[in-house]
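>>> Sequence below, structure please.
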Amino acid sequence: MKLKILTILLILFTNITIYAAPNKIEVGKIKIVTSITPLASIFALLLKDEAIITSIATNSDCPHHYHLKPSDLEKVKKADMVIYIDDQFDGFAAKLMRKHNNNIVTVSDVKGLKIINNNWHIWLDLDNVSNLLEAMSVILIERFPALKDNIRTNLAESKKQIANLADIKQQKLASISDFILLSDSLEYFFINYKVQKLYNSEQKSLKYLNNLQLVLNNSTSKCLIMSIEQNPKLYKNITATIVKLASENWPVTEITHDLFYQQYLTMIEQVALCGEGPK
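Below is the predicted model:
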């Protein structure tokens with residue numbers, strides 16, 4: 001009889017443990033949903049383990065081309081806060097968020113950001129990231145006051161990380177005299193560098209390729225920088241170092257507090273290849 005009672009108690013305890021464990025993991029976690037992964041990575045710097053942060057778009061394509069899924073609607077409905085950049089840039093998320101969530105943050109409303117010709121790839125400029133961290137920390141503390149101390153601590157640490165990235169970038173790219181950009185999505189990454197901008201709707205034309213060759217002839221670095229969604233085969237007959245950067249979105253599904261640092265550092269290392277010359 002005693003053995004039977006002990007067996008029943010053991011089964012009950014096991015069931016309770018299995019049921020309670022998932023709930024315990026979620027206690028205290030706030031849910032943040034952003035339009036794209038670079039934006040999610042910036043909020044992860046401020047919130048770290050205090051939040052579950054997800055992105056709607058997780059591919060490498062331009063946000064303009066993203067097609068919403070039913071799961072995106074569920075994400076937005078259940079979120080404590082939703083964030084997008086601008087109605088024209090990531091409008092797919094803007095419409096969904098405005099319709100299904102009342103706690104919306106629009107990045108384009110933030111004052112003090114450097115904006116180039118209504119181009120919203122602002123996370124590629126580290127000064128913009130630093131300013132955005134400051135502005136978003138204020139918003140997060142106002143919305144989630146219990147996290148104030150953690151957010152302020154994380155803000156100080158993240159700004160040190162951004163400053164460290166800026167130092168690495170300056171050191172790695174110091175010897176490279178010029179860059180040739182083939183996509184406007186890259187402008188912010190090279191905001192303090194000498195660049196030639198060669199992007200238009202005629203990039204497949206012979207006239208364009210001839211002009212590109214002339215520019216390369218006068219370039220010391222002979223380096224072409226393009227977005228990851230562009231086709232390098234178009235330039236197979238041109239002698240140059242070709243670097244492809246994920247400048248639109250980062251194809252990741254897990255948003256961690258070190259995601260921004262690692263992704264940006266990877267971009268720096270890729271651009272540094274321009275200093276090695278064509279191969």
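>>> Now do the SS call for the residue nearest the centre of the chain.
Of all residues in the chain, the one closest to the mean position by C-alpha atoms, centre = their mean is P38, 1.0 Å from it. Here P38 is helix, with the state taken from DSSP: H, G, I helix; E, B strand; the rest coil.
>>> separation between the closest residue to I122 other than its chain neighbours and K69?
Among residues not flanking I122 along the chain, N128 sits closest, at 4.5 Å (C-beta to C-beta, 6 or more residues apart in numbering). Where you see a C-beta, it was placed from the backbone N, CA and C, and this is true even at glycine. As for N128, its distance to K69 is 30 Å (criterion: C-beta to C-beta, to the nearest Å).
>>> higher neighbour count, those two?
Neighbour comparison, N128 and K69: the larger count goes to N128, with 22 against 10 (by other C-beta atoms under 10 Å).
>>> Now do the helix or strand containing that one, average pLDDT.
Element membership of N128, judged by DSSP states H and E, is helix 126-143. Mean pLDDT, helix 126-143: 97.
>>> CA-only coordinates of that helix in PDB, if you can.
Provided in PDB are the C-alpha atoms of helix 126-143 (Å, rounded to 0.1, in the frame of the first residue of the first chain):
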ATOM      1  CA  LEU A 126      27.700  53.600 -35.600                       C
ATOM      2  CA  ASP A 127      27.000  57.200 -34.500                       C
ATOM      3  CA  ASN A 128      23.400  56.600 -35.400                       C
ATOM      4  CA  VAL A 129      23.400  53.400 -33.400                       C
ATOM      5  CA  SER A 130      24.800  55.100 -30.300                       C
ATOM      6  CA  ASN A 131      22.100  57.800 -30.600                       C
ATOM      7  CA  LEU A 132      19.400  55.300 -31.100                       C
ATOM      8  CA  LEU A 133      20.500  53.300 -28.000                       C
ATOM      9  CA  GLU A 134      20.200  56.500 -25.900                       C
ATOM     10  CA  ALA A 135      16.700  57.300 -27.300                       C
ATOM     11  CA  MET A 136      15.400  53.800 -27.000                       C
ATOM     12  CA  SER A 137      16.600  53.300 -23.500                       C
ATOM     13  CA  VAL A 138      14.500  56.300 -22.400                       C
ATOM     14  CA  ILE A 139      11.400  54.800 -24.200                       C
ATOM     15  CA  LEU A 140      12.000  51.300 -22.700                       C
ATOM     16  CA  ILE A 141      12.500  52.700 -19.100                       C
ATOM     17  CA  GLU A 142       9.300  54.700 -19.400                       C
ATOM     18  CA  ARG A 143       7.300  51.600 -20.600                       C
END
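>>> Give me the contacts around it.
The contact list for helix 126-143, computed with C-beta atoms under 8 Å, 6 or more residues apart in numbering, reads 42-43, 45-47, 80-81, 103, 105, 107, 110-114, 122-123, 147-148, 151-152, 155, 158-159, 162-163, 165-166, 169, 188, 260, 264.
>>> can you tell me which of those residues are in strands?
Counting by DSSP state E, the contacts of helix 126-143 place M81, V105 in strands.
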